[in-house]
Structures are given as structure tokens and as C-alpha cells.
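> the following comprises the amino acid sequence and a computationally predicted model.
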Amino acid sequence: MQTVGRSCDGMRDQFDPRLAIERAILELAQVQHWVISLEQLLECGLSPAAVGRRVRQGRLHRIHAGVFAVGRPTLTLEGRWMAAILAGGNGALLSEATAVACYDLSTFPGSSVHITIPRRGGHGRDGIVFHRPRVLHEADIAEHDGFPVTSVARTLLDICATRRAHDVQRCYERAEKLRLLDMNALHEILERCRGHSGIGQLRRLAAYDPTLAAHTRSELEMLFLDICRRAELPMPSVNVVVEGFEVDAYWASAKLVVELDGYAFHSERAQFERDRLKIARLKIAGIDVVPFTHAQVAREPVWVERTVRKLLEDRQAARVE
């Protein structure tokens, strides 16, 4: 349920009005990450003069026009989000980069809070970027962790218009990993928002199945899968057990394993010994093991692609013979 505009009715104590007002303010502020709007303060029973008195006393701290922090001026990230929602008024939603952070899809640089509001609502505020879409469908409105927020599909559409394709792809893959990705909703918004500037990139994204990438454990593994996909190579299984050892990428038909060595690879002696044992056991089983470093995958993707292609072709030819 959206927090903006929440009423304090039913919170008042008929025996001690002052205590009831205090309790109502604290209970509401607690669920709103210690921020509250002027409208809510008045609903709780304070007069405008009492609000001003509390500001002078340091019990309320102005964050935005008509929005206050309760008790202390410093806010958590979630408190800043809620303050921006309250500043936007009824119908305000976290959106764009802030919605991405709310869903834990990624973290984009920048300190401003992005808020989508009804087209004619809201005014400029320090630290808030207001977005006023021409149309905001009911399906574009969601709630996550207690925050009103644009739906995952709408969030992906919006960032497709402003962010690099690689960054949006990672958000898309992360949404699949967190089981937040609804492909029906994605296809519905593709039909409904054809004039949106992000629609072309979102359509290309929707044609890509993120299931395999969702099973990866590192950015290095995702980069390697990007190379395979762009080169139209057969896609490997990732993080699977082969001959009793977990491997990073495996083509069962070619009996080929690729191990991706990150920065911390072989940092411990015991790990070094296990890796050597793994390679030996796999070779005994007739499986080739090829390591690629982070630098090779990130900086020499064409060479990595050609190497994998040649190895796959050679292994497949050997099996035919």
C-alpha cells in the first residue's frame, strides 16, 4: 500500500490528546524512514504553529518544502527516497535510476533521487529529478519494500532511453536472477509504449533470454557469455559439476571446459592445488581445459572468441573422426 497520504485516523488517544499526537507522529515516521509531510503532521493533530515551533526546537528538520525529518536531520538512503516521494505528492513513484537501486538491479552514479509524478504535479526540489510521462498506465505502478515505484518493466523501458545498452542488459539479467522479470509485462509494455524513446533498445533486450546469465556468479562470467552470444557460438552450461568438480563453462558435446581466472585466482596455496587436481582429472576423462584471464576476456574479446571457436571446431572434428 502506498505510504504517501497515509492518515493518522485511529491513532489518537482519546484520554491524552498530546500523547496521542506524539505517538501518531512517531509511528508514522518510523514506517516512513523518519520523514513526514506537513499534510500528515496536520492530520496527526498538529497545528501549523505547532509545526513551526517544533522546527525551531530542532524536533523537526526541513528536508524539502513541506517535508521534514523527525528527530534528527540526517537520513538514510531510504529516508531520502521517502522524502522525495512525499515532496512529489500523491501518485509519486521512485523511477529511473532510483527504481533500479530500489529493486537492487544495479547502482548508477549520481546523488539525485528520480521521481515520476502525474504530468501536472510537483515542483523542482534540490536533489530530486522529477519525470512527468505523458501517460502512466496502471500496470506501470508497483510497490517494492514499502516504496511506491515504477514496475520492473517500466523501469527497464525508462533506463533504456538514458543508459548504455551494456548497463541495461545487466539490470535485465539481474531482474531475472532475482525473479523479478515478468516477460508478459515486458511484451505488454512494448506494445503499449511504441513511441517511447527507449522502446528500440528494450525490444532488442526482450529478444535475449537472460536465463543462462542469471546463473553466473561474477561479472567476468557475464562478459564471457556476452562474447559467446555476440559471436553466435554454442552457449555453454555455466557453474556445473563435471567429473566431480565445478567448472565455469562447459560444452558437453565437445568435452571442452573454460575456466575464468579472476584477479584473486590462485591467491591461496590450497586453491592452487585443487585447481591443478581438477585439470588433471578432467584431462584423464578426455576433457580439455582452457583458462582465460580477466584481462583477456575484458580486453581481447575477439581473440577469446576465435580461440573458443577453433577449440570447439577441433573437438567436434576429432569426435567425428
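Arrived safely. Numbers count the residues shown, from 1 in each chain.

> for stretch 205-218, buried residues please.
Using 16 or more other C-beta atoms under 10 Å as the test for burial, stretch 205-218 gives 205-206, 210, 212-216. Every residue, glycine included, has its C-beta placed from N, CA and C.

> relative to I21, which of these is nearest.
Closest approach to I21 among those (C-beta to C-beta): A214, at 49.1 Å.

> residue contacts, the closest one?
173, 176-177 (C-beta atoms under 8 Å, 6 or more residues apart in numbering).

> neighbour-wise, which one of the residues you listed leads?
E173 (24 neighbours; other C-beta atoms under 10 Å).

> thought P210 was touching it, still the case?
Yes - between E173 and P210 a contact is recorded at 4.5 Å, counting by C-beta atoms under 8 Å.

> if we can go back for a sec, out of the buried residues of stretch 205-218, flag the one nearest to A254.
L212 (17.0 Å).

> contact partners for the closest one?
Counted by C-beta under 8 Å, 6+ apart, L212 has contacts 225, 235, 238.

> any chance of those in TSV, with pLDDT too?
Shown next, in TSV, are these (pLDDT from 0 to 100):
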residue	pLDDT
L225	96
M235	95
V238	94
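
> show me where this structure has strands.
Counting by DSSP state E, the chain has strands at residues 35-37, 60-64, 67-70, 93-94, 113-116, 128-131, 141-144, 147-150, 237-242, 245-251, 256-261, 288-293.

> in the stretch 51-200 of the chain, where is pLDDT below threshold?
120-124 (pLDDT under 70).

> now do the helices in it.
77-88, 96-102, 152-160, 165-177, 183-192, 199-206 (DSSP state H, counting those that start in this stretch).

> buried deepest among those helices, which one?
helix 152-160 (a mean of 26; mean count of other C-beta atoms under 10 Å).

> and that one with helix 165-177, angle?
Put simply, helix 152-160 runs at 170 degrees to helix 165-177, going by axes from the mean of the first three to the mean of the last three C-alpha atoms, to 10 degrees.

> going forward can the numbers begin at 108, since that is how I track them
Done: numbering now begins at 108, and the last item shifts to helix 259-267.

> now do helix 259-267 and helix 306-313, the angle between them.
120 degrees.

> tell me which strands and helices helix 259-267 is in contact with?
Counting contacts by 3 or more C-beta pairs under 8 Å, 6 or more residues apart in numbering; DSSP states H and E, helix 259-267 is packed against helix 203-209, helix 272-284, helix 290-299, helix 306-313.

> domains for the protein, by residue range?
Split into domains by automatic domain parsing, the chain comes to 124-177, 198-313, 320-427.

> closest one to M189 among those domains?
domain 124-177 (4.8 Å).

> quick check: R241 touching R226?
Yes - checked against C-beta under 8 Å, the pair R241 and R226 is within contact range at 6.8 Å.

> higher neighbour count, those two?
Between R241 and R226, R226 has the larger neighbour count (other C-beta under 10 Å), namely 12 against 8.

> give the contact list for that one.
So R226 contacts 239-241 (C-beta under 8 Å, 6+ apart).
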